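Peer 1: All I have is the shape, not the residue letters:
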């Protein structure tokens, strides 16, 4: 069943022009066709009862059980090329709540200030499509680009910086069952400088290893978020 994040005003579902076009002209929907609308953290099974104007009646409200029991913030230094598109999609699928783009000293890709609003709009579209596909109840929030010095604005209960020269502290060993939120900072292709790692530690981040091998920046995101989300969901199931 097709899923859409939708706004609602009283009993009326409010679709964007793009969503209406998708339903009417791409999906070629007919009366009685059903969809799943996502609104305010809940799922609503709806049915088309009028095509012109397009109108839906609500069949059933369903409780959403797809969100993680902890909040995960990904601080991600800008990668090269189109890797960011992939990371936004996969981070959404893995349950991240917040995505913060960071400029570090070894970032190659630069975003001009005047281009940022357009790019953020595009990034949010990627996030929405991924969230609809995987059945998220809420859209992850993506913040504007920040300098490395502002990473402490996004502190959680536990905060980590992935560093390839860390040999003692492994991320998998640093997770705590009583933590309700995590922040994980992932560097660009060239990693972090020793000065940045020191600064991150001063700001409350623990240096952690993601294993013995050097991972690409996008692989490091997948690895760390998979560990965090799996740990959180295992903890949730223990209390069922």
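Peer 2: Yep, it's here. Please read these numbers as outputs of a predicted model, since none were measured by experiment. Numbers count the residues shown, from 1 in each chain.
Peer 1: alpha carbons only for contacts and neighbour counts from here, please
Peer 2: Noted.
Peer 1: how many other residues sit next to residue 177?
Peer 2: For residue 177, the count of nearby residues is 10 (other Cα atoms under 10 Å).
Peer 1: any idea whether it is helix, strand or coil?
Peer 2: coil (DSSP: H, G, I helix; E, B strand; the rest coil).
Peer 1: what's the distance between it and residue 226?
Peer 2: Applying Cα to Cα, to the nearest Å, the value for residue 177 to residue 226 is 16 Å.
Peer 1: Next: residue 139.
Peer 2: For residue 139, the distance to residue 226 (Cα to Cα) stands at 18 Å.
Peer 1: by contact count, what packs against the longest helix that the chain contains?
Peer 2: The longest helix of the chain (DSSP state H) is helix 217-238. Other elements packing on helix 217-238 under the criterion 3 or more Cα pairs under 8 Å, 6 or more residues apart in numbering; DSSP states H and E are helix 83-93, strand 181-186.
Peer 1: Of those, which stretch is the most buried?
Peer 2: strand 181-186 (a mean of 23; mean count of other Cα atoms under 10 Å).
Peer 1: Give me the mean pLDDT for that one.
Peer 2: Average pLDDT, strand 181-186: 97.
Peer 1: just checking, next helix/strand downstream of the lowest-mean-pLDDT helix or strand in the chain?
Peer 2: Counting by mean pLDDT, DSSP states H and E, the weakest-scoring helix or strand in the chain turns out to be strand 7-9, with a mean of 78. As assigned by DSSP states H and E, the chain's next helix or strand after strand 7-9 is strand 12-14.
Peer 1: Kindly confirm my reading that residue 22 is in a helix.
Peer 2: Yes: counting by three-state DSSP, residue 22 falls inside a helix.
Peer 1: What is the neighbour count of it?
Peer 2: Neighbours around residue 22, by other Cα under 10 Å: 13.
Peer 1: how near is it to residue 113?
Peer 2: Taken as Cα to Cα, the span from residue 22 to residue 113 is 32 Å.
Peer 1: Could you do residue 53 as well?
Peer 2: For residue 53 relative to residue 113 (Cα to Cα), the value is 40 Å.
Peer 1: residues in contact with the spatially most central residue of the chain?
Peer 2: Nearest to the geometric centre of the chain sits residue 92, at 3.5 Å (Cα atoms, centre = their mean). Shown in contact with residue 92 (Cα atoms under 8 Å, 6 or more residues apart in numbering): 127, 130-131, 140.
Peer 1: Give me the subset of those residues lying in helices.
Peer 2: Checking the contacts of residue 92 against DSSP H, those in helices are 127, 130-131.
Peer 1: Now flag whichever of those residues is closest to residue 83.
Peer 2: residue 127 (13.9 Å; Cα to Cα).
Peer 1: Counting neighbours, what do you get for the closest one?
Peer 2: Neighbour tally, residue 127, other Cα under 10 Å: 24.
Peer 1: Could you do residue 117 as well?
Peer 2: For residue 117, the tally of surrounding residues (other Cα under 10 Å) stands at 12.
Peer 1: Next, give phi and psi for it.
Peer 2: Main-chain torsions, residue 117, degrees, to the nearest 10: phi -60, psi -40.
Peer 1: Give me the domain ranges for this structure.
Peer 2: 3-63, 71-238 (automatic domain parsing).
Peer 1: Tell me the span between the first and last residue of the shortest one.
Peer 2: This means domain 3-63. First-to-last residue span, domain 3-63, Cα to Cα: 15 Å.
Peer 1: And stretch 187-202, by the same measure?
Peer 2: Note: stretch 187-202 ends 17 Å apart using Cα to Cα.
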